[in-house]
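Enquirer: Have a look; sequence and predicted model below, questions after that.
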Amino acid sequence: MLWAGVTPEPGLELLQHSVEQAFAPLGFPPEGRPFRPHVTLGRSTRNAKPRDFAGLEEILGGIDFDETVPIDNVDLMQSTLQREGPVYEVKCHERLS
C-alpha cells in the first residue's frame, strides 16, 4: 500500500470516531489501532521488492501538500481484492451541507 499521511485535524478525527460509532451496531468493530489519517495513492503487487520503490520516499518527501480542501461528499467504499486487482464499489453516498 502506498499512502501519504494527512495532518490530523480535530474535525477529521471526530468524523472517523462518528463513523466507527455508527457502524459498530452493524457488526463492524472499531479499529484496534490508532487513527492515522491518510490518502491512499496506490497498491503494489504482492511480489514487489523494496528496490521497486527506490527513490520514491525522497520524491514524495519533496512534495509539499499545503492545501485545505472542503469536503462536500462522503462515499463508503468496499474494496474486494481479486487476482486482476481491486474492485471498488460505492456502498453508500452522502452529500454534506
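Expert: Everything's here; your move.

Enquirer: C-alpha only now, for contacts and for neighbours.
Expert: Fine.

Enquirer: ok, and the closest non-adjacent residue to Arg43?
Expert: Closest residue to Arg43 apart from its sequence neighbours, by C-alpha to C-alpha, 6 or more residues apart in numbering: Met1 at 4.4 Å.

Enquirer: Could I get the pLDDT score of the one you found?
Expert: Confidence at Met1, expressed as pLDDT, is 77.

Enquirer: Counting neighbours, what do you get for it?
Expert: By other C-alpha atoms under 10 Å, the residues close to Met1 number 9.

Enquirer: quick one: contacts for it?
Expert: By C-alpha atoms under 8 Å, 6 or more residues apart in numbering, Met1 lies in contact with Thr40, Leu41, Gly42, Arg43, Ser44.

Enquirer: residue contacts, Leu12?
Expert: Pro37.

Enquirer: still on that earlier bit, list the ones among the contacts of Met1 that fall in strands.
Expert: The strands, defined by DSSP state E, take in Thr40, Leu41, Gly42 from the contacts of Met1.

Enquirer: so how far is the helix or strand containing Leu12 from its chain's centroid?
Expert: Using DSSP states H and E, the element containing Leu12 is helix 10-23. How far helix 10-23 lies from its chain's middle: 14 Å, per C-alpha atoms, centre = their mean, to the nearest Å.

Enquirer: All the helices of the chain, in order from the start?
Expert: Assigned by DSSP state H, the helices in the chain fall at 10-23, 56-61.
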